[in-house]
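In: coords please:
(one chain, ligands or ions: 2)
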Amino acid sequence: MKQQKILKKKDFQSLLNLLAAEGYAVIGPQISDGAIVYQSLDHTSQLPIGFTDRQSPGSYTLEKSANEDAYFAWANGPQALKPLLFQSEELLWTASKDEANSIRFEQCLPVVKPIAVLGVRACDLAALELQDKHFLQKEFVDPYYQKRRESLLLIAVNCSHPSANCFCVSTGDGPSAQKHYDIVLTELDDVFLIASGSGKGEKICGLLSLTEATENNRQSAVEQEEAAIKVQTKRLPDIDVPVMLKNKTNHSRWDLIAEKCLACGNCTSVCPTCFCHTKKELHALDGKNSQHYRVWDSCFSLEHGYIHGGAVRSETSQQYRQWLTHKFSAWVEQYGRSGCVGCGRCISWCPVGIDVIEELSALSDEA
Ligand code: SF4
Ligand code: SF4
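Out: Ligands and ions are numbered 1, 2, ... in the order given. Next comes the predicted model:
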C-alpha cells in the first residue's frame with residue numbers, strides 16, 4: 001500500500017467530480033428497494049448516509065445507524081462486482097445466413113466505458129481475484145470478461161461494520177482490503193484515510209487535495225479494524241474442510257438440508273465467485289438469424305447436471321452437496337484455494353435461512 005493521506009469528508013464530492021472529469025462513469029452504493037446496491041452515482045448525498053444493515057440467516061434489513069453522518073457503516077448488500085464483469089445475460093455472437101445459404105458468425109464484444117466503482121469491500125476484491133483466475137486463464141481468456149475488467153477502477157472502502165453473517169476474517173479475506181484495488185479509503189469521523197494501490201489510483205490521488213495523515217488518524221484506523229475483526233463471531237470449522245467434505249458424500253445431513261432447500265439458486269446468484277453458466281439461443285422466425293447468449297446457471301438447476309441423456313443430480317440433496325463440496329473443497333484443487341470469501345450473502349439471501357457455516361459445522365461434527 002502506498003502512503004496514506006487524508007481526504008477531508010467535506011471534500012469527498014471532489015473525488016466523484018474528478019472521476020467524472022477523468023471520463024469514468026461512477027457507480028456506488030445506494031438504497032434501493034430496501035437494500036444497498038450499486039447504482040450510478042453523481043453526488044455523495046446519494047450514498048446510504050446514516051444507515052446500517054442487520055443481517056441474519058434468511059434476513060436483511062436496513063435501519064438508522066448510531067453514526068448519522070457515516071457513509072459506509074454497513075456490510076455488503078446482495079450485489080458483488082460479479083454482475084459488472086460476468087453479466088447475468090450476455091450476447092456472445094450472432095449467426096446469419098446469406099443469399100447463398102452460407103452461415104456467417106459474428107462475435108459481439110461489449111462496448112464498455114471506463115467505470116469507477118466506489119465502496120468495494122475486501123471480500124469482493126478477493127472474489128475478483130478468483131473470477132480473474134477463472135475467466136483470464138492464459139490459454140482461455142474470456143474476451144467479454146476481459147474487456148469489462150480492464151474498464152474498471154476500484155475504490156475500496158475498508159469494512160468497519162461486518163454483519164452477523166460475515167466471516168471474511170475466517171477465510172483470510174477481510175475486513176480490510178489487501179490487494180486488487182486502485183484506491184482504498186478508511187472512513188473515520190471527519191476524514192477518510194486514502195491510499196493508492198495502482199498507477200491508475202495514484203494518478204487520481206495525485207489530482208486530489210490531500211493532507212498528511214496524523215498518528216492519531218492511523219491509530220483510529222487500526223482500532224476500527226480490530227473492532228471489525230472482533231465483531232465477527234461466525235467462522236469456518238477449525239478442521240480441514242476440503243478433506244472433511246470429500247469423506248461426507250453419503251452423509252444423512254444432505255437429506256436434512258434438502259427438506260428445507262427450495263433449490264431456488266439464490267445462493268449461487270448472490271455468491272461473488274460462482275461462475276457457472278449455460279447458453280440460450282434466440283432464433284428468428286424466418287430461420288435466417290440467431291443470437292447466442294450466455295446466462296448464469298446454478299448447481300440447483302436440473303439442466304446444470306444434465307449429461308448425455310440424463311440429469312446426474314436430479315435430487316435437491318445432490319445439488320446442495322455439489323454447491324457446498326465444489327465451493328469449499330474441489331475449488332481448492334481447481335484454483336488453489338476455497339471458492340468462499342466469507343461475504344455471507346448466501347446466508348442472508350437464502351429464503352429459508354440455510355447457513356453454509358452451520359451446515360459445514362454439522363457435517364464436520366462427526367469428522
Ligand atoms: S440453499 Fe437457500 S438459496 Fe440456495 S438453493 Fe437452497 S433455498 Fe435457495
Ligand atoms: S459461499 Fe456464501 S459466504 Fe462464501 S463467498 Fe459465496 S456467497 Fe459469500
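
In: what about the closest residue to residue 75 other than its chain neighbours, how many neighbours?
Out: Spatial nearest neighbour of residue 75, chain neighbours left out: residue 163 (3.8 Å); criterion: C-beta to C-beta, 6 or more residues apart in numbering. In this view, the C-beta of every residue, glycine as well, is placed from N, C-alpha and C. When neighbours are counted by other C-beta atoms under 10 Å, residue 163 registers 24.

In: wait, what's in contact with the residue in the stretch 51-200 of the chain that ligand 1 sits nearest to?
Out: Relative to ligand 1, the nearest point of the stretch 51-200 of the chain is residue 58 (8.1 Å; C-beta to the nearest ligand atom). Taking C-beta atoms under 8 Å, 6 or more residues apart in numbering, we find residue 58 in contact with 347-348, 350-354.

In: So residue 301 sits against residue 265, correct?
Out: Yes - with contact defined as C-beta atoms under 8 Å, residue 301 and residue 265 form a contacting pair (6.5 Å).

In: State the distance from the residue of the chain most remote from its centre to residue 284.
Out: Using C-alpha atoms, centre = their mean, the residue of the chain lying farthest from its centre is residue 100. It sits 47.1 Å away. The gap separating residue 100 from residue 284 is 18 Å, by C-beta to C-beta, to the nearest Å.

In: Show me what from the stretch 151-300 of the chain comes close to ligand 1.
Out: 261-267, 300 (C-beta under 6 Å from any ligand atom).

In: which non-adjacent residue is nearest residue 152?
Out: residue 115 (5.7 Å).

In: so who does that neighbour touch?
Out: Taking C-beta under 8 Å, 6+ apart, one finds 24-27, 84, 151-153 in contact with residue 115.

In: quick one, helices of the stretch 101-250 of the chain?
Out: Ranges of helices within the stretch 101-250 of the chain are 122-135, 143-150, 168-171, 199-207, 215-230, 241-246, based on DSSP state H, counting those that start in this stretch.

In: Could you save the ones you listed as JSON lines and add columns showing distance to ligand 2 and mean neighbour count?
Out: What follows is the helices of the stretch 101-250 of the chain, written out as JSON lines (distance: least, C-beta to the nearest ligand atom, whole Å; neighbours: other C-beta atoms under 10 Å):
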{"stretch": "helix 122-135", "distance to ligand 2": "6", "mean neighbour count": "22"}
{"stretch": "helix 143-150", "distance to ligand 2": "18", "mean neighbour count": "16"}
{"stretch": "helix 168-171", "distance to ligand 2": "7", "mean neighbour count": "22"}
{"stretch": "helix 199-207", "distance to ligand 2": "25", "mean neighbour count": "16"}
{"stretch": "helix 215-230", "distance to ligand 2": "17", "mean neighbour count": "14"}
{"stretch": "helix 241-246", "distance to ligand 2": "12", "mean neighbour count": "17"}
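
In: Mean pLDDT for those - can I get that in JSON lines?
Out: JSON lines is the format used below for the helices of the stretch 101-250 of the chain (pLDDT from 0 to 100):
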{"stretch": "helix 122-135", "mean pLDDT": "97"}
{"stretch": "helix 143-150", "mean pLDDT": "97"}
{"stretch": "helix 168-171", "mean pLDDT": "98"}
{"stretch": "helix 199-207", "mean pLDDT": "97"}
{"stretch": "helix 215-230", "mean pLDDT": "97"}
{"stretch": "helix 241-246", "mean pLDDT": "96"}
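
In: do you know which of those lies nearest residue 306?
Out: helix 122-135 (21.5 Å; C-beta to C-beta).

In: residues making contact with the closest one?
Out: Under C-beta under 8 Å, 6+ apart, the answer for helix 122-135 is 76, 80-82, 85-86, 141-142, 145-146, 149, 154, 156, 158-159, 166, 168, 171, 173-181, 272-273, 275, 335-337, 339, 341-343.

In: Also stretch 228-241?
Out: Here stretch 228-241 has contacts from 158-162, 164-171, 175-176, 244, 328-329, 338, 344, 357, 360-361, 364, 367, using C-beta under 8 Å, 6+ apart.

In: hang on, the earlier thing: just the buried members of the contacts of residue 58?
Out: Among these, the ones that count as buried by 16 or more other C-beta atoms under 10 Å are 347-348, 350, 354.

In: Of those, which pair is most distant in space?
Out: Maximum distance among these (C-beta to C-beta): 11.0 Å, for 348 and 354.

In: Give me the common contacts of those two.
Out: With C-beta under 8 Å, 6+ apart as the test, residue 348 and residue 354 both reach 57-58.

In: Could you tell me the per-residue confidence at residue 308?
Out: The score at residue 308 is 86. That number is its pLDDT.
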